[in-house]
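Asker: Return a 3D structure for these sequence lines:
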Amino acid sequence: MFENLSERLNTTLQTIRGQNRLSEDNIRAALRDVRVALLEADVALPVVKDFISSIRERALGQKIHTSLQPGQALIKLVHQQLVELMGEHVQPLDLQAPAPVTVLVAGLQGAGKTTSIGKLARYLKERENKRVLVTSCDVYRPAAMQQLQLLAEQVDADYFDGQSIAKPEQIAVQAQQYARQQHFDVLLVDTAGRLHVDDKMMEEIKAIHQAISPHETLFVVDAMTGQDAANTARAFNAALPLTGVVLTKADGDARGGAALSVRAITGKPIKFIGMGEKTDALEPFHPDRLASRILGMGDVLSLVEEVERKVDKKAAEKLARKVQSGRKFTLEDFRQQLLQMENMGGMASLMDKLPGMGQLPEAVRKQAAASGDSKRMIAIINSMTYQERGFPDIIRGSRKRRIAAGSGTQLQDINKLIKQFTQMQKMFRKMGGGGMAKMMKKMQGRLPKGMLPPGM
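Answerer: Below is the predicted model:
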């Protein structure tokens, strides 16, 4: 998400970097391009007008710090305005209420409500240490209840089966009573997808809300719906007392306008953002971090948090000790590092969080992501014998052909992997005998003790 917007904004802001100061003329020219970039990203027109107007007033009305160049000064102003537009502060789910804290989830058909409930259940269990019950009030979509039940099993949450109950509001009420009796901390209530122009369905969700009086009412919106996301959010906000928004499918080919429009139009904070299909691909929404990523500044804090949470620390420390002792780095070690990186979303996800990557040409970013195709490399190593993983020098003609056939790849892919592995082996050899300790010292404690950056 935001690739096109990031590229356009960076190109625009680069144009005034060589100038001596910010003037009304160069500000007007730059903001004209910023306006076009935002409109192309599907940001709602009223939001764009207010955004541009605020930046113009700030740029002309304040004294720019003498240590900042014009380009830097305007980037700082755009960053500040993006943060304000998306909410300034993180707005976590409010769990400060008598148990069970009831969370009602609403949204359009296909927005990702059921999947988001599964992700949210996992998030609450793993990071908030809550006992979670989920239920579905969707009596219309075939297998909707079974889908949520399967998701609940995957994330180890409890499921209240309301299949034998006729009315959606009765399912919600009985699930709430059950949650109270069984001392659950949180109840997540899924609802049927509905169009905001469908009066009958909107009345139904109002009835569900009135029956259970949820502490949180979340509106789930697909990031790929663009400006229409803001319009539907406004309609749902008029029908229900929304407390927050969940932005889904933000990892897709979305222009990003929804993220920049929904909060401004509804006045409700974006609380979570979904960045993938896996049940762990739900993160609290950080406006400042997303603004930095849009402007190509990266998101190191999120990257460090992700490493802390997803990397196997014991395996990483074991490899670090092995490298420090000077023992040989093998293809099996390489495979473990690739698995760690894949667990964090792959090379593309890592590049998205690294500073400066947004300023690279799109072709270069795609080539870098393709060159780090960890899934293909893992498949190749999986097709090797343990002997070949430990002694790659024996991998020659017939062995290469067998590995290529077993992994569904070409001979050049095998050669490329071995070449890349050989380069990494040389690097790790240099880290032995104290080199590794020096490198980790330079990391200044950003990563857990003894941990290598995934894929390194």
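
Asker: Quick check: which ranges of the stretch 251-400 of the chain have low pLDDT?
Answerer: For the stretch 251-400 of the chain, applying pLDDT under 70 flags the ranges 252-256, 258-259, 293, 296-327, 343-372.

Asker: All the helices of it, residue numbers only.
Answerer: 257-266, 287-294, 300-310, 313-324, 331-343, 346-353, 362-371, 374-382, 386-390, 397-407 (DSSP state H, counting those that start in this stretch).

Asker: Quick check: residue 191 touching residue 207?
Answerer: No: with contact defined as Cβ atoms under 8 Å, residue 191 does not reach residue 207; the gap is 10.8 Å. In short, each C-beta sits where N, CA and C put it, glycine included.

Asker: what residues do the two have in common as contacts?
Answerer: Common contact partners of residue 191 and residue 207 (Cβ atoms under 8 Å, 6 or more residues apart in numbering): residue 168.

Asker: Compare these two and say which one has the larger neighbour count.
Answerer: residue 191 (25 against 14; other Cβ atoms under 10 Å).

Asker: For that one, list the residues it contacts.
Answerer: Residue 191 neighbours (Cβ under 8 Å, 6+ apart): 104-106, 113, 137-138, 168, 205, 208.

Asker: From those, pick the one nearest residue 408.
Answerer: Proximity of the contacts of residue 191 to residue 408 (Cβ to Cβ) peaks at residue 113, which lies at 36.2 Å.

Asker: How many residues are close by that closest one?
Answerer: A count of nearby residues for residue 113, using other Cβ under 10 Å, gives 26.

Asker: how close does it sit to residue 119?
Answerer: 11 Å (Cβ to Cβ, to the nearest Å).

Asker: Give me the subset of the contacts of residue 191 lying in strands.
Answerer: Among those, the ones falling in strands (DSSP state E) are 104-106.

Asker: about what we covered before: Throw the contacts of residue 191 into a markdown table and include distance to residue 280 and pLDDT, thanks.
Answerer: Converted to a markdown table, those look like this (distance: Cβ to Cβ, whole Å; pLDDT from 0 to 100):
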| residue | distance to residue 280 | pLDDT |
| --- | --- | --- |
| 104 | 23 | 93 |
| 105 | 18 | 92 |
| 106 | 24 | 89 |
| 113 | 18 | 88 |
| 137 | 25 | 90 |
| 138 | 24 | 86 |
| 168 | 29 | 89 |
| 205 | 28 | 87 |
| 208 | 28 | 91 |
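
Asker: On the three-state scheme, residue 250 is what?
Answerer: When classified by DSSP: H, G, I helix; E, B strand; the rest coil, residue 250 comes out as coil.

Asker: Can you show me the strands along the stretch 151-300 of the chain?
Answerer: 158-160, 186-190, 216-222, 244-248, 270-274, 282-284 (DSSP state E, counting those that start in this stretch).

Asker: what pairs with the fourth one, and is each one parallel or antiparallel?
Answerer: Looking back up the chat, that one is strand 244-248. strand 216-222 (parallel), strand 270-274 (parallel) (DSSP bridges).

Asker: Adding distance to residue 153, write the ones you listed out as TSV.
Answerer: Formatted as TSV, the strands paired with strand 244-248 follow (distance: least, Cβ to Cβ, whole Å):
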stretch	distance to residue 153
strand 216-222	21
strand 270-274	20
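
Asker: now the longest helix seen in the chain: mean pLDDT?
Answerer: In terms of residue count, the longest helix belonging to the chain (DSSP state H) is helix 411-431. On average, the pLDDT along helix 411-431 is 79.

Asker: What residues sit buried inside it?
Answerer: 413-414, 416-418, 421, 424-425, 428, 431 (16 or more other Cβ atoms under 10 Å).

Asker: Could you list every helix and strand in contact with that helix?
Answerer: helix 313-324, helix 331-343, helix 374-382, helix 397-407 (3 or more Cβ pairs under 8 Å, 6 or more residues apart in numbering; DSSP states H and E).

Asker: For residue 84, which of those is the nearest?
Answerer: Nearest to residue 84, of the helices and strands packed on helix 411-431 and by Cβ to Cβ, is helix 331-343 at 34.3 Å.

Asker: What angle do helix 374-382 and that closest one make with each other?
Answerer: With axes from the mean of the first three to the mean of the last three Cα atoms, to 10 degrees applied, the angle from helix 331-343 to helix 374-382 works out at 150 degrees.

Asker: between helix 331-343 and helix 411-431, how big is the angle?
Answerer: 100 degrees.

Asker: tell me what helix 331-343 is packed against?
Answerer: Where contact means 3+ Cβ pairs under 8 Å, 6+ apart, helix 331-343 is packed against helix 313-324, helix 374-382, helix 386-390, helix 411-431.

Asker: Using CSV, write out every CA atom in that helix.
Answerer: Provided in CSV are the C-alpha atoms of helix 331-343 (Å, rounded to 0.1, in the frame of the first residue of the first chain):
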residue,chain,number,x,y,z
LEU,A,331,23.0,-24.3,4.1
GLU,A,332,20.8,-25.6,7.0
ASP,A,333,21.7,-22.5,9.0
PHE,A,334,20.9,-20.5,5.9
ARG,A,335,17.5,-22.2,5.6
GLN,A,336,16.7,-21.4,9.3
GLN,A,337,17.5,-17.7,8.6
LEU,A,338,15.2,-17.7,5.5
LEU,A,339,12.4,-19.3,7.6
GLN,A,340,12.8,-16.6,10.2
MET,A,341,12.6,-13.9,7.5
GLU,A,342,9.6,-15.6,5.9
ASN,A,343,7.8,-15.6,9.3
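
Asker: So which bits of it are buried?
Answerer: Buried residues in helix 331-343 (16+ other Cβ under 10 Å): 331, 333-343.

Asker: Tell me the buried residues in stretch 145-161?
Answerer: 145, 147-149, 151-152, 155, 157-160.

Asker: what does stretch 39-49 give?
Answerer: 41-44, 47-48.

Asker: End to end on it, go ahead and measure it.
Answerer: Start and end residues of stretch 39-49 are separated by 10 Å (Cα to Cα, to the nearest Å).

Asker: What's the local residue count around residue 272?
Answerer: Around residue 272 there are 23 other residues, counting by other Cβ under 10 Å.
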